[in-house]
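A.B. asks: Just a sequence and a predicted model for now, questions to come.
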Protein chains: 4
Amino acid sequence: MNDKSTETDVRAWWSTSIIDMEPGKIEFRGIPIESMIGHKSFAQMIWFMVCGTSLTDKQAALFEAALVAGVDHGPQAPSIAAARMAASCGVGLNNAMATAVNMLGDVHGGAGEQCSELYYMIAELLQDGLNLDDATATGIKSWQGKYGKIVSGFGHRFHKPTDPRAPRLLALVRDAASTGHVSGQFADIGESVANHLSKNRQLPMNIDGATAVIFCELGAPPPLARGFFCLSRSVGILAHAWEQMGEGKRNKGPMPPQFLPIYTPATESN
Amino acid sequence: MNDKSTETDVRAWWSTSIIDMEPGKIEFRGIPIESMIGHKSFAQMIWFMVCGTSLTDKQAALFEAALVAGVDHGPQAPSIAAARMAASCGVGLNNAMATAVNMLGDVHGGAGEQCSELYYMIAELLQDGLNLDDATATGIKSWQGKYGKIVSGFGHRFHKPTDPRAPRLLALVRDAASTGHVSGQFADIGESVANHLSKNRQLPMNIDGATAVIFCELGAPPPLARGFFCLSRSVGILAHAWEQMGEGKRNKGPMPPQFLPIYTPATESN
Amino acid sequence: MNDKSTETDVRAWWSTSIIDMEPGKIEFRGIPIESMIGHKSFAQMIWFMVCGTSLTDKQAALFEAALVAGVDHGPQAPSIAAARMAASCGVGLNNAMATAVNMLGDVHGGAGEQCSELYYMIAELLQDGLNLDDATATGIKSWQGKYGKIVSGFGHRFHKPTDPRAPRLLALVRDAASTGHVSGQFADIGESVANHLSKNRQLPMNIDGATAVIFCELGAPPPLARGFFCLSRSVGILAHAWEQMGEGKRNKGPMPPQFLPIYTPATESN
Amino acid sequence: MNDKSTETDVRAWWSTSIIDMEPGKIEFRGIPIESMIGHKSFAQMIWFMVCGTSLTDKQAALFEAALVAGVDHGPQAPSIAAARMAASCGVGLNNAMATAVNMLGDVHGGAGEQCSELYYMIAELLQDGLNLDDATATGIKSWQGKYGKIVSGFGHRFHKPTDPRAPRLLALVRDAASTGHVSGQFADIGESVANHLSKNRQLPMNIDGATAVIFCELGAPPPLARGFFCLSRSVGILAHAWEQMGEGKRNKGPMPPQFLPIYTPATESN
């Protein structure tokens, strides 16, 4: 192994297509940063950095709407509660934020990803020649085989009958589709899924179902639905952590200190 | 303690000014979410959620520029390296992101916060009647008493002579000041600090010094400089974690596996 | 809803069988803490807290051996590298530790869990009447259907031919089995798996395979193999984070700063 | 730069005194791992890995007592609540553990560290020739100048009058001192602090004050009081995360879902 190859081995270990740096030079995917500052919106920059392509302004507006819609759902969400509790424990804002983002797992942050998978499954069945109704039925069935009965992105434990964010997002997609900026196919698919699931009782699209429509219209791979949600929810996480820090409470627990958890001895069969 | 008060105690424990929810209703700081989706940009929403006020479009553009400027600085930054390593360890994207954000502490993510403190110190001295030169000298001295000799926000280990992001951001601030959208005071302060520090050798403003100018122009409390940086850098963190996942590597270490760390026995005096 | 029920609802939300507290009283699973301090070893306490049962001294010694064996594997492990990098970023020791533990996911920390599942599968087949050879073959096949070809707990990328920890741990299990403190069944199963996998080339048990033998001998559910590993590796994580803090380096990247990552533009097909 | 030096630079970047590895060889601080498995207790291994020295059996028993004492303080502690909430969000056990450890910051996990600093300050004053009473008074005053009025390690919000763990730990220290295994100096110092602080109202030593006595008797630097506490509390964190996973709840919030946080609009002066 000669000098050159040793150095190359080390540098190649961290090879990336995202950034190219020299002293005085920072380029992202081939474009100097200073030419993007002041020209790209933050939402456009997010898409460009993560996906490597550029959105049209109209597409970026849709993406932006999805990011805006998911910023917060209050302290009953475990992530927000954790951000506030962490903020009272003597750690930095970044640590409080990380504590919360860490909790956006399969159950708390994965619905958009799982729902995107369903939409793409159905889109593939359409491409195979099925009509929308059959593709939806088949897609749901196949998705449920993987993830279980409850379809992510539809219905809401709390917002009954309707999650106010979903119809607004869908209207924006329809509008963008009407002018050809997106195809509108995934809006059709999403609504078809909602119709199928609502045969017995109303199970309308929720925010995860609606943002998944947008992410699919824009061509994002399913795991990025979670990634984008993490960016979006980080806003509410920061807002709550910061509000909590202003209150000066120390070691904030989940409920007022006068309430003690009930001790319930484990039974033998436990 | 009666029923009502018990319930109120519990609900008040999580009292917040950020969000108000009922089934079918989500309002942030008094404004229904559906009226903001499609109208507020993501950057405007960030400011509104965290600070509780609204930025003008021109101010929002400045804020957006600061968020765009800080998205990434490559895998030599410990946070980005950690995001990529975590992404190879069999955790979710959210966990990889949290791992990295968690590292944006006082040293890795605190420069903007510390620099904002300096700017505000100098602004206060100006308000006390000192001229810019004296206020700068006094402010720097007082700041160094708290944080040490190296002034956060100026000079760059790598980008010599100039961090390409800083002058571009400053130009945008100057432009917004020329039309009265911000005061321009903190641009003056920042440049005055740079001049003072550069008496012996060039120590120009870096990205943290420049984004701090923007955050101070907009009136953000210093700790939010770190909070906003975390939001900004989360973009690069997601981009790198996602790129890494696409490579399929398992348990990516910090250097190619053929290089073993050198064992250096501790000496007695250790 | 009356007073009593409101209070009970809140307290029951955090119901637990682990701890019972009143002012001046702390009991774990019914036993006062002061009666365990000085009597239970840390390893015994771990088992008692997590599993709710007590180990005999000889069993505790085995458990202790497993905990000791896994404490560290050096800075080439992504978790250890991340702990050290975090320790240079201006966060607390607890944050550095959390950063690292967070990376012990399915790939980096899940081998013991996956291997335990295999052992229990084989044990069940034995109970169904199969002989060890057939149960092993069937178990491996069924496990590979779920997890893929590479069997967790066997072979080692680095320690060829033998991971020095595994035979030592196995010898301790055999010793404890010879005196009836554990059954020895899972040592048999583990060795049978090693034999099956080594038909073409040597694929001996590694540390995860060996600690899984111990955890199964003691009756731990598979996910606890990961939990216990996290406790064990937290020791090395703390040691490395602490050593790093003593060096005073700031923002330690993954390789010396003179080596820049190579920029490799994404191709169209990416 | 020649081949050799490039390779050395890279390997030296991760130089450590903790571990030395080659294929088939793992040594910690010069001692082969296989010679410690089955011989060192987990507590002894923790000390050896982190501090680089060996404890006598009697000293190790004290250290073990401190580790056992701090394992859990129930779901009203923000870290434990967060562990349980995270465990319901679809992340791995390691992620749930990291979420909780991350919260053991200056306020939630730093008391032992801060208290150790006080003890060492007093010990130094003793060495300078002051008597215990004066050294205690001077030490407390100087410590309060840095950290504020409330002295970490004394008094307890909940356990009034006495934290049951503290006297038990102190008795063990006294016992070890009576046989010369530790000096007993820090037990004296701790009790002297308690006496000073209790002049107006009882402010007895709590668990952090008592474990700090032990860590100081053994010579641990103050930050390790936090590090060891993180190891200790990780046990309760794992126990609670695991219990929660067994309940199968999804997205567990901080209080039962029927209780909504109260919306309190920010006033102008906010």
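C.D. replies: Received, thanks. All values reported here derive from a predicted model rather than from experimental measurement.
A.B. asks: chain center to the lengthiest helix in chain A: distance?
C.D. replies: Scanning chain A for the helix with the most residues, using DSSP state H, yields helix A:222-247. Put simply, helix A:222-247 sits 11 Å off its chain's centre (CA atoms, centre = their mean, to the nearest Å).
A.B. asks: so that helix versus helix B:222-247, what angle?
C.D. replies: Going by axes from the mean of the first three to the mean of the last three CA atoms, to 10 degrees, helix A:222-247 is angled at 160 degrees with respect to helix B:222-247.
A.B. asks: Quick one: check helix A:222-247 for contact with chain C.
C.D. replies: No: with CB under 8 Å from any CB of the partner chain as the criterion, chain C is not reached by helix A:222-247; the gap is at least 14.2 Å. C-beta: built from backbone N, CA, C; applies to glycine.
A.B. asks: which parts of that helix are buried?
C.D. replies: For helix A:222-247, a neighbour-count test (16 or more other CB atoms under 10 Å in any protein chain shown) marks A:222-245 as buried.
A.B. asks: what's near enough to touch residue A:223?
C.D. replies: Shown in contact with residue A:223 (CB atoms under 8 Å, 6 or more residues apart in numbering or on different chains): A:113, B:93, B:242, B:245.
A.B. asks: the helices in chain A, which residues?
C.D. replies: Using DSSP H, helices in chain A cover A:3-13, A:42-51, A:57-69, A:78-87, A:93-101, A:106-109, A:111-127, A:132-147, A:165-178, A:185-197, A:207-217, A:222-247.
A.B. asks: Any chance of those in a markdown table with distance to residue B:32 and mean pLDDT as columns?
C.D. replies: Formatted as a markdown table, the helices of chain A follow (distance: least, CB to CB, whole Å; pLDDT from 0 to 100):
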| stretch | distance to residue B:32 | mean pLDDT |
| --- | --- | --- |
| helix A:3-13 | 50 | 88 |
| helix A:42-51 | 21 | 98 |
| helix A:57-69 | 12 | 98 |
| helix A:78-87 | 19 | 98 |
| helix A:93-101 | 24 | 98 |
| helix A:106-109 | 24 | 97 |
| helix A:111-127 | 22 | 98 |
| helix A:132-147 | 31 | 98 |
| helix A:165-178 | 10 | 98 |
| helix A:185-197 | 22 | 98 |
| helix A:207-217 | 14 | 98 |
| helix A:222-247 | 16 | 98 |
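A.B. asks: State the pLDDT value of residue A:1.
C.D. replies: Per-residue confidence at residue A:1 stands at 46 (pLDDT).
A.B. asks: follow-up on the earlier one: closest to residue B:125 out of the helices of chain A?
C.D. replies: helix A:222-247 (25.5 Å; CB to CB).
A.B. asks: Spell out which parts of the stretch 151-270 of chain A neighbour chain D.
C.D. replies: Counting by CB under 8 Å from any CB, the stretch 151-270 of chain A sits next to chain D at A:157-158, A:250-255, A:257, A:260-261.
A.B. asks: Kindly indicate which of those residues lies nearest residue A:135.
C.D. replies: Closest to residue A:135, out of all of these and judged by CB to CB, is residue A:157, at 28.1 Å.
A.B. asks: Count residues in the vicinity of that closest one, would you?
C.D. replies: Neighbour count of residue A:157, defined by other CB atoms under 10 Å in any protein chain shown: 10.
A.B. asks: Residue numbers of the stretch 101-250 of chain A in contact with chain C?
C.D. replies: residue A:102.
A.B. asks: residues touching the closest residue to chain C within the stretch 51-200 of chain A, list them.
C.D. replies: Nearest residue of the stretch 51-200 of chain A to chain C (CB to the nearest CB) works out as residue A:95 at 5.2 Å. For residue A:95, the contact set (CB under 8 Å, 6+ apart) comprises A:86, B:102, B:105, C:91-92, C:95, D:102, D:105.
A.B. asks: same thing but at 7 Å, please
C.D. replies: By CB atoms under 7 Å, 6 or more residues apart in numbering or on different chains, the residues touching residue A:95 are A:86, B:102, C:91, C:95, D:102, D:105.
A.B. asks: Report whether stretch A:33-51 contacts chain B.
C.D. replies: Yes: using CB under 7 Å from any CB of the partner chain, stretch A:33-51 reaches chain B at A:33-34, A:36-38, A:40-43, A:45-46, A:49-50.
A.B. asks: Please apply the same query to stretch A:103-121.
C.D. replies: Yes: Stretch A:103-121 reaches chain B (CB under 7 Å from any CB) through A:104-106, A:109.
A.B. asks: got a winner among the residues of the stretch 151-270 of chain A next to chain D for most neighbours?
C.D. replies: Among these, the one with the most neighbours (other CB under 10 Å) is residue A:254, at 29 neighbours.
A.B. asks: Correct me if wrong: it contacts residue D:81.
C.D. replies: Yes: Residue A:254 is in contact with residue D:81 according to CB atoms under 7 Å; the separation is 4.2 Å.
A.B. asks: intersection of neighbour lists for those two?
C.D. replies: Here residue A:254 and residue D:81 share the contacting residues D:75, D:254, scored by CB under 7 Å, 6+ apart.
A.B. asks: Just list the residues touching the spatially most central residue of chain A, thanks.
C.D. replies: Central residue of chain A (CA atoms, centre = their mean): residue A:229, 2.3 Å from the mean position. Contact partners of residue A:229, counting by CB under 7 Å, 6+ apart, are A:70, A:104, A:109, A:112.
A.B. asks: Show me what from the stretch 101-250 of chain A comes close to chain B.
C.D. replies: Looking at chain B, the residues of the stretch 101-250 of chain A close enough under CB under 7 Å from any CB are A:101-102, A:104-106, A:109, A:158-160, A:162, A:164-165, A:168-169, A:172, A:223-224, A:226-227, A:230-231, A:234-236, A:238-240, A:242-243.
A.B. asks: burial measure for the nearest residue to residue A:263 once chain neighbours are set aside, as a count.
C.D. replies: Nearest non-adjacent residue to residue A:263, counting by CB to CB, 6 or more residues apart in numbering or on different chains: residue C:20, 3.6 Å away. The number of residues packed around residue C:20, counting by other CB under 10 Å, is 21.
A.B. asks: so residue C:20 touches residue C:27, yeah?
C.D. replies: Yes: look at residue C:20 against residue C:27 with CB under 7 Å: they come within range, at 4.5 Å.
A.B. asks: hmm, back to that, make JSON lines out of the contacts of residue A:223 and add distance to residue D:58.
C.D. replies: JSON lines is the format used below for the contacts of residue A:223 (distance: CB to CB, whole Å):
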{"residue": "A:113", "distance to residue D:58": "55"}
{"residue": "B:93", "distance to residue D:58": "49"}
{"residue": "B:242", "distance to residue D:58": "53"}
{"residue": "B:245", "distance to residue D:58": "50"}
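A.B. asks: Tell me the spacing between residue A:98 and residue A:163.
C.D. replies: Using CB to CB, to the nearest Å, one gets 28 Å for the distance from residue A:98 to residue A:163.
A.B. asks: Ok, residue A:233 next?
C.D. replies: According to CB to CB, residue A:233 stands 15 Å off from residue A:163.
A.B. asks: Can you give me the neighbour number for residue A:92?
C.D. replies: Neighbour number of residue A:92 under other CB under 10 Å is 28.
A.B. asks: Residue A:133 too?
C.D. replies: 11.
A.B. asks: One more: residue A:161?
C.D. replies: Applying other CB under 10 Å, I find that residue A:161 has 12 neighbouring residues.
A.B. asks: Check the stretch 101-250 of chain A for the residue nearest chain B and tell me.
C.D. replies: Residue of the stretch 101-250 of chain A nearest chain B, by CB to the nearest CB: residue A:102 (3.6 Å).
A.B. asks: Need the pLDDT of that residue.
C.D. replies: Note for residue A:102: predicted pLDDT of 98.
A.B. asks: Then residue A:158?
C.D. replies: 88.
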